[in-house]
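Q: got a sequence here, can you build the structure:
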Amino acid sequence: MGIPKNPRQAMINMMYLVYTALLALNISAETLNAFITVDKGLRRTTSALDTNIGEVYKVFQERAARDSSALPLYTKALKAQDISNKLIANIEKMKDEMLDISGSEVVNGEKVATNHRDTNTPTFYFVNEKNGDKLQQEINQARDEFLSLFGDDVRSTKAQSITLKAEEPVGSDGLSKKSWTEHNFADVPVVAAITILSKIENDAKTTEAAVVDYLKGQIGLESVSFDVLKARAIPKKSYLNLGETYTADIFVSASSSSTQPKVYIGEFDPEYIKRDENGDLPAEVEADKLPLQAGYRELSDAVNGIVKYEFQANGIGPKTYRGVIAVMNAKTGKIKYYPFETDYLVAQSQAVVSPTKMNVLYIGVDNPLDISVPGYPTSSVSASLSGGTLTGGNGKYVGRVTSTGDVKVNVSVRTETGTKGVGSVAFRAKRIPDPKVLLGNSSGPVITAGQLRGLPGLIAIADNFPFDVNFKVRGFEVTYKKSGSNNLIIKQNAGKIFTPEVKNIFSSARPGDRVWFDNIKVKAPDGTTRTKSLSFKVIGG
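A: Numbering: from 1, shown residues only. Next up is the predicted model:
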């Protein structure tokens, strides 16, 4: 069986190029809807290709089982499948992350963007966060791996026809000021970015089909039959919080909707199900009874060939469940069993709040906080601060407190069933430490006569404190004593800069003189006024 060269796919690819060109124009609602249409067409074509290729893999497996000379080609075909699946899985992850940032909703079981015109998110995610560069590298690596599966005699020809590539754009002058990432994702709306990613997925699946079609020709496969099946258990989510519901689709891969399997959950009977030297399960098992140990559980009947498995997540840590799918051959009446095994992880719901700079919150300054909940995207996490205010989002917050004592960061998450609290973390609200007052860069006990005559005034700084704090010197009292005299000169000084009267006193400073700065009033950003003092003996210089 050949993999069809679908004219619909060629048409969709052409539409993709046309609508990508329209990005340079003012994007109308009709154009945005057209992107959605093209994206759906691309994904349908990719799905159809995947189904066709899946049938060829089954024939490859059957041929390799009875003809050892076909095994190397079958291994190469599986390698092509792995390359494609890995790239597509990474692209799907990027779609989800971009939609989480931009905003999304679930429509008919599918996550879609809520703001199709959003051009900031693709630019931020792919250009600023360098995910586009990562994707470009993955595309070109996948291309090279695909090409390595072709024979030497056709590799250069195939390299010309394969559309899966991420080359730097070239302008009419042979140069370009834009990178591949900027060319594809800078200032494009979310809906267009999704379509571009779907086009890359389609290119990956088309390239996989080309490789498999070439390998198929090497052993003369002409027909396909569905007589070798493989069990699959696909969980909706493999990382669970305690109390969440585990949901998985269990089915026979490449089966039609007419397949009505029976699914049994339980421990394998080692008499019938034996792992190979690599620890892998057999694809299928023939047995005169159900090849599971006592205590197994039968699931409900299949719908369109798929059995849904749900259970409550209990107990914290890594978990595994296994079982078999029983399928009866309608012609022979014999039952074949297809074993499966899958892992998942159950974790305790726990808010994670990490102060970026200290383990306390300080009054009068911005306190950066990183807030997340394992197993949930940051876009689903929200938080509030008792005894203060909390602003920000997507994991990055700023807390401000107004009084000393205990405060709490309360964290909740949005789930499919609503919003639920996942915990509170207590912090200690404290005042900013007292400032350090300096004359020049000195806090005493000596200063040169030249420094005293030349310095403009006093300053207050935060000493060994991680925040930028703006302390303000409001005023102070100056007491001056000349060497050899018992007379004291006392002046009041408003603000941090020395008044002309004080500067006049300091202008005649000589070694042996003494100066005291008392009742220094310093205004802190938390609204309090701190009182400090300094004293110096004048030395030579």
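
Q: just checking, next helix/strand downstream of the biggest helix by length in the chain?
A: Longest helix in the chain, counting residues (DSSP state H): helix 29-66. Using DSSP states H and E, the helix or strand that follows helix 29-66 towards the C-terminus is helix 71-102.

Q: pull out the buried residues from whichever helix or strand comes after that next one.
A: Toward the C-terminus, helix 71-102 is succeeded by strand 104-107 as the next helix or strand (DSSP H and E). By neighbour count on 16 or more other C-beta atoms under 10 Å, the buried set for strand 104-107 is S104. Glycine gets a C-beta too; all of them are placed from N, C-alpha and C.

Q: and strand 104-107, what does it pack onto?
A: strand 110-113 (3 or more C-beta pairs under 8 Å, 6 or more residues apart in numbering; DSSP states H and E).

Q: quick one on the thing from earlier: the longest helix of the chain: how far from the chain's middle?
A: Chain-centre distance of helix 29-66: 27 Å, with C-alpha atoms, centre = their mean, to the nearest Å.

Q: now do that helix and helix 71-102, the angle between them.
A: Angle of helix 29-66 versus helix 71-102, following axes from the mean of the first three to the mean of the last three C-alpha atoms, to 10 degrees, is 150 degrees.

Q: state the mean pLDDT of helix 29-66.
A: Helix 29-66 carries an average pLDDT of 74.

Q: what's that helix packed up against?
A: helix 7-21, helix 71-102, helix 190-219.

Q: looking at this, D406 is in a strand?
A: Yes: per DSSP: H, G, I helix; E, B strand; the rest coil, D406 lies within a strand segment.

Q: what's the separation between it and T391?
A: Going from D406 to T391 by C-beta to C-beta, to the nearest Å gives 21 Å.

Q: how about the helices of this structure, start to end?
A: Going by DSSP H, the chain shows helices at 7-21, 29-66, 71-102, 120-122, 131-147, 155-161, 180-185, 190-219, 449-454, 500-506.

Q: and the shortest one, what's buried?
A: For helix 120-122, the neighbour count (16+ other C-beta under 10 Å) marks 121-122 as buried.

Q: hang on, the earlier thing: tell me the most buried of the helices of the chain?
A: Greatest average neighbour count among the helices of the chain goes to helix 190-219 (a mean of 23), per mean count of other C-beta atoms under 10 Å.

Q: helices or strands up against that helix?
A: Checked by 3+ C-beta pairs under 8 Å, 6+ apart, helix 190-219 has helix 7-21, helix 29-66, helix 71-102, strand 110-113, helix 120-122, helix 131-147, helix 155-161, helix 180-185 packed alongside it.

Q: and the fifth one, average pLDDT?
A: This means helix 120-122. 86.

Q: repeat that for stretch 377-389.
A: 86.

Q: show me what counts as buried in stretch 115-126.
A: Neighbour count says stretch 115-126 has 116, 118-119, 121-126 buried, by 16+ other C-beta under 10 Å.

Q: kindly reformat these as TSV containing distance to H183.
A: Conversion of the buried residues of stretch 115-126 to TSV gives the following (distance: C-beta to C-beta, whole Å):
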residue	distance to H183
H116	21
D118	19
T119	14
T121	17
P122	12
T123	12
F124	17
Y125	16
F126	11
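
Q: ok, so of those residues, who is nearest V446?
A: If you rank these by distance to V446 using C-beta to C-beta, F124 comes first, at 55.0 Å.

Q: residues touching the closest one, list them.
A: The neighbours of F124, taking C-beta atoms under 8 Å, 6 or more residues apart in numbering as the test, are I101.

Q: list the beta-bridge partners for T448.
A: Counting by DSSP bridges, T448 is bridged to I539.

Q: measure V324 to Q293 for me?
A: The value you get for V324 to Q293, if C-beta to C-beta is used, is 11 Å.

Q: next one: P435
A: P435 is 73 Å from Q293, by C-beta to C-beta.

Q: those two - which one has more neighbours?
A: P435 (22 against 12; other C-beta atoms under 10 Å).

Q: wait, the more buried one touches N470, no?
A: No: look at P435 against N470 with C-beta atoms under 8 Å: they stay out of range, at 10.2 Å.

Q: check contacts around the residue nearest to L49 when sequence neighbours are not counted.
A: What sits nearest to L49 in space, not counting adjacent residues and going by C-beta to C-beta, 6 or more residues apart in numbering, is K205, at 4.7 Å. Listed by C-beta under 8 Å, 6+ apart, the contact set of K205 reads 46, 49-50, 53, 84, 88.

Q: same thing but at 10 Å, please
A: Shown in contact with K205 (C-beta atoms under 10 Å, 6 or more residues apart in numbering): 9, 42, 45-50, 52-53, 84-85, 87-88, 164.

Q: and I490, by the same measure?
A: For I490, counting by C-beta under 10 Å, 6+ apart, the contacting residues are 477-480, 516, 518.

Q: distance of it from F506?
A: 14 Å.

Q: give me the neighbour count for D153.
A: Other residues close to D153 by other C-beta under 10 Å number 7.

Q: could you report the neighbour count for D280?
A: So D280, with other C-beta under 10 Å, has 9 neighbours.

Q: tell me which residues in stretch 524-540 are buried?
A: Of the residues in stretch 524-540, those buried (16+ other C-beta under 10 Å) are 524-526, 530, 532, 534, 536, 538.

Q: would you put the C-alpha positions of that stretch in PDB?
A: In PDB, the C-alpha atoms belonging to stretch 524-540 read as follows (Å, rounded to 0.1, in the frame of the first residue of the first chain):
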ATOM      1  CA  ALA A 524      12.800  55.800  55.900                       C
ATOM      2  CA  PRO A 525      10.600  54.700  53.100                       C
ATOM      3  CA  ASP A 526       8.300  52.800  55.600                       C
ATOM      4  CA  GLY A 527       7.300  56.200  57.000                       C
ATOM      5  CA  THR A 528       9.300  56.100  60.200                       C
ATOM      6  CA  THR A 529      12.000  58.600  61.200                       C
ATOM      7  CA  ARG A 530      15.200  57.200  62.600                       C
ATOM      8  CA  THR A 531      17.600  59.200  64.800                       C
ATOM      9  CA  LYS A 532      21.400  58.700  64.500                       C
ATOM     10  CA  SER A 533      24.600  60.500  65.600                       C
ATOM     11  CA  LEU A 534      28.200  60.800  64.500                       C
ATOM     12  CA  SER A 535      31.400  62.200  65.900                       C
ATOM     13  CA  PHE A 536      34.900  62.900  64.500                       C
ATOM     14  CA  LYS A 537      38.300  64.000  65.500                       C
ATOM     15  CA  VAL A 538      40.000  66.200  62.900                       C
ATOM     16  CA  ILE A 539      43.500  64.900  61.800                       C
ATOM     17  CA  GLY A 540      46.100  66.300  59.500                       C
END
